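Engineer: prediction below, plus the sequence it came from.
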Amino acid sequence: MTPPPGCIPPGIGLRIVGDVHGDAKGFAAAAATDRFIIQLGDLVDDGPDTPGALHLMFDLIDAGRGLFLLGNHDFKLARALRGDAVQRGPGLATTLAALDAATAARTLAEISRAPAWLTLHSALCVHGGFHPAMLTEPAPPLPPGRAGRLLARALFGQTTGRVTGAGKPERLLTWVDRIPPGITVYCGHDQRSADGRPLRLTGALGGVAMFMDTGAGKGGHLSWIDLPPLN
């Protein structure tokens, strides 16, 4: 999905921001720029101030200064807010308890509009994982139930259907080898970095994946990368 016309002002630099997870203080630091903010999803849960992170994103949207992608935590929150039967772990339960009625309504509306991926010339932004079809197919709207195949890749990355010893889905990174040459995929979801900086991986075809999640809201910190204007 390319940005809607006028969504990103021409001539303005971009700031790609990793998973926020309720780290409103870190997100405020990332937003202290004249660049256009593209946040890679998972605004909510885990960290100390999910309402603060949401309201900061709302302010950026209202000012035409930013947008966020659909992450798996955002997707699950939207499903809970609209009344779907979802498993409410501690993070989601805490988030739901912290949202007043007005914030909950705005949150559901904005998550429902959030794109699952964006193509930006030689870059693609997505939360969980890449699939080549994302370069040609538009991101689907928020579904009435569970995510379909391509949306599931965008939200959850590539999984095997098995769970790890920690009880989390087992994930693969073979999708990195399918990134075409000249394309950089900016993604979150997996905290892959071992040094606190975004992790860069080059795939078999020469494409690049930048893993931007460095643990904000979960004991780490928030990371971002600045890009030049689109035109």
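Structural biologist: Structure received.
Engineer: what pLDDT does the closest residue to Gly148 other than its chain neighbours get?
Structural biologist: Using C-beta to C-beta, 6 or more residues apart in numbering and skipping residues adjacent in sequence, the residue nearest Gly148 is Pro140, 6.7 Å away. Where you see a C-beta, it was placed from the backbone N, CA and C, and this is true even at glycine. Pro140 carries a pLDDT score of 90 in this model.
Engineer: surely Pro140 meets Pro115?
Structural biologist: No - no contact is recorded between Pro140 and Pro115 when judged using C-beta atoms under 8 Å, the distance being 9.6 Å.
Engineer: those two - which one has more neighbours?
Structural biologist: Neighbour count, other C-beta atoms under 10 Å: between Pro140 and Pro115, Pro115 has more, with 23 against 15.
Engineer: can you tell me the element the residue lying closest to Phe58 once chain neighbours are set aside falls in?
Structural biologist: For Phe58, ignoring the flanking residues on the chain, the nearest one in space by C-beta to C-beta, 6+ apart is Arg106 at 6.1 Å. If you go by DSSP states H and E, Arg106 is part of helix 101-113.
Engineer: could you pull out the helices for this structure?
Structural biologist: For the chain, the helices defined by DSSP state H cover 24-31, 50-62, 72-81, 90-98, 101-113, 149-156.
Engineer: roughly how far apart are Thr50 and Ala116?
Structural biologist: Distance of Thr50 to Ala116, computed by C-beta to C-beta, to the nearest Å: 21 Å.
Engineer: related to what we said a few turns ago, distance check, the residue nearest to Phe58 against Pro180.
Structural biologist: Relative to Pro180, Arg106 is positioned 37 Å away (C-beta to C-beta).
Engineer: contacting residues for Met210?
Structural biologist: Ile16, Thr184, Val185, Tyr186, Cys187, Pro198, Leu199, Arg200, Ile225 (C-beta atoms under 8 Å, 6 or more residues apart in numbering).
Engineer: which one of these is nearest Pro169?
Structural biologist: Relative to Pro169, the closest of those is Cys187; by C-beta to C-beta it sits at 15.7 Å.
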